[in-house]
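Engineer: Let's see this in three dimensions:
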Amino acid sequence: IQARINELIKMDDDLKNKLKRMLENGEINGEIYKDMIRRWGKSDQEGSSSRDPGEEKTTSHESDSVIRISGSGELPEARAHELRISGSGRVNGPVEVDVLSASGSARISGNVKAKEKVEISGSLRTSGNVESGSIEISGSLRTSNISCSHFENSGSAKVEGDIEADNIDTSGSLQVDNVRCDELDSSGSVKAKNIEGRKIEISGSVNADFIKAEEFTLENWGGNTRIGKVESKKFRAGTKNGFLFGKSRAEIGEIEAERIEIEDVKCGKIKADEAVIGDNCEIDYLEARVMKLSDRAKIREKKITEEE
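Structural biologist: The predicted model follows:
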């Protein structure tokens, strides 16, 4: 009977009716019947894959399918409506979901495509790219490239490649190679090679080689702002007085703009149509058609250009 039980456990679900007939015919008793049903259910849950008890595996991408890892688990890939990792989870391949939520520690060895959103309150590290409608980070993210509509970061994000987004709102720490966006609003710290956008507002600190925008407003806080070159139609810069940090100057190598209005800026070269140079500025060379200069600004060389 035991050999028969072991054989039946591995059969398809439609053979469960045979168990009932065996019970009715007296071939097995009630205790054995219950034990077989229990073990059959366990076999269905475990299948042929090995995973931790805290993990629920779903590989189909159905509208309501959910993959949960609440303990410690590992998957070859993940394709579902939602992937939730609240423990320690690893995916050794691509992830294709509508929603990815990581409140624990997550590692993904592949690209992530989340149609609706990615939420990270724990940590997420990927060896591929992240593509989503919205990305919200209050924990930490480390990845290669990001493409999304809305990017919001109040934690720590390190992107080894590029970020392409419509809107970027960061109050945490952001480190990236290149940024291309429509609007960028940063009140934290940003370190990048190149930043390009239509409208850029920075009220924290920024360290960048090149920034290009139609409108660029810089309110430096903490004395850690260094920019190689700025190209902008309208550029305004100053320094925020902080409780912990004294008033200091932003360091900019070169500025090209139609109109600039700056104070507390140290710059090598400025070329503009209209230039308003305020207090605590130190400029090596200034070239503009119209100049308004503060008595508390130091300008080594200036040139007034003629109107074209």
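
Engineer: need the next SSE after the least confident helix or strand in the chain by mean pLDDT, C-terminal direction.
Structural biologist: Least confident helix or strand of the chain, by mean pLDDT, DSSP states H and E, is strand 55-56 with a mean of 39. Per DSSP states H and E, the first helix or strand lying C-terminal to strand 55-56 is strand 66-69.

Engineer: buried ones in that next one?
Structural biologist: 67-69 (16 or more other C-beta atoms under 10 Å). Bear in mind the C-beta positions are built from the backbone N, C-alpha and C, glycine included.

Engineer: same deal with stretch 109-122?
Structural biologist: By 16+ other C-beta under 10 Å, the buried positions in stretch 109-122 come out as 109-114, 117-122.

Engineer: now it: how far from the chain's centre is it?
Structural biologist: Computed by C-alpha atoms, centre = their mean, to the nearest Å, the chain-centroid distance of stretch 109-122 equals 9 Å.

Engineer: Assign the nearest residue to E74 once chain neighbours are set aside to one of the three secondary structure states.
Structural biologist: Once flanking residues are discounted, E74 sits nearest to R90: 4.7 Å by C-beta to C-beta, 6 or more residues apart in numbering. Under the three-state scheme (DSSP: H, G, I helix; E, B strand; the rest coil), R90 adopts strand.

Engineer: Tell me how far R90 lies from I137.
Structural biologist: Going from R90 to I137 by C-beta to C-beta, to the nearest Å gives 20 Å.

Engineer: Between the two, point out the one with more neighbours.
Structural biologist: For R90 versus I137, the count of surrounding residues by other C-beta atoms under 10 Å is larger for I137: 23 against 16.

Engineer: Identify the bridge partners of the more buried one.
Structural biologist: Note on I137: beta-bridge partners by DSSP bridges are I120, N153.

Engineer: For the remainder of this discussion, apply numbering that starts at 563.
Structural biologist: Got it, first residue is 563 now, which makes that one I699.

Engineer: From I631, how far off is it?
Structural biologist: Distance, I699 to I631, by C-beta to C-beta: 19 Å.

Engineer: Ok, S700 next?
Structural biologist: Going from S700 to I631 by C-beta to C-beta gives 19 Å.

Engineer: and if you look at N707?
Structural biologist: Applying C-beta to C-beta, the value for N707 to I631 is 25 Å.

Engineer: same question, D747
Structural biologist: D747 is 34 Å from I631, by C-beta to C-beta.

Engineer: rewinding a little: just name the closest of the buried residues of stretch 671-684 to R646, please.
Structural biologist: Checking the buried residues of stretch 671-684 against R646 by C-beta to C-beta gives E681 as the nearest, at 9.5 Å.

Engineer: so what's the closest one up against?
Structural biologist: By C-beta atoms under 8 Å, 6 or more residues apart in numbering, the residues touching E681 are 661-664, 698.

Engineer: Need the per-residue pLDDT for it.
Structural biologist: E681 is assigned 98 on the pLDDT scale.

Engineer: How about R613?
Structural biologist: pLDDT recorded at R613 is 39.

Engineer: ok so, going back, which one of the contacts of E681 has the most neighbours?
Structural biologist: L662 (29 neighbours).

Engineer: Which strands border the helix or strand hosting it, and is each parallel or antiparallel?
Structural biologist: For L662, the element it lies in under DSSP H and E is strand 657-664. Using DSSP bridges, the strands paired with strand 657-664 are strand 640-641 (parallel), strand 644-647 (parallel), strand 674-682 (parallel).

Engineer: which residues touch that strand?
Structural biologist: 623, 629, 639-647, 651, 670, 672-686, 694, 701.

Engineer: could you redo the strands paired with strand 657-664 as TSV and give each row distance to G690?
Structural biologist: Compiled in TSV, those are given as follows (distance: least, C-beta to C-beta, whole Å):
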stretch	distance to G690
strand 640-641	13
strand 644-647	15
strand 674-682	7
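
Engineer: With respect to I866, which of these lies nearest?
Structural biologist: Comparing these under C-beta to C-beta, the one sitting nearest is strand 674-682, at 52.3 Å.

Engineer: and that closest one, C-alpha only, in CSV?
Structural biologist: What follows is strand 674-682, C-alpha atoms only, in CSV (Å, rounded to 0.1, in the frame of the first residue of the first chain):
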residue,chain,number,x,y,z
VAL,A,674,13.8,45.2,-14.5
LYS,A,675,10.7,46.2,-16.3
ALA,A,676,7.9,47.5,-14.1
LYS,A,677,5.1,48.9,-16.1
GLU,A,678,3.5,50.9,-13.3
LYS,A,679,6.0,51.6,-10.5
VAL,A,680,9.0,50.6,-8.5
GLU,A,681,8.9,51.2,-4.7
ILE,A,682,12.1,50.8,-2.7
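
Engineer: right, and the helix or strand after that strand?
Structural biologist: Where DSSP H and E defines the elements, the next helix or strand beyond strand 674-682 is strand 685-688.
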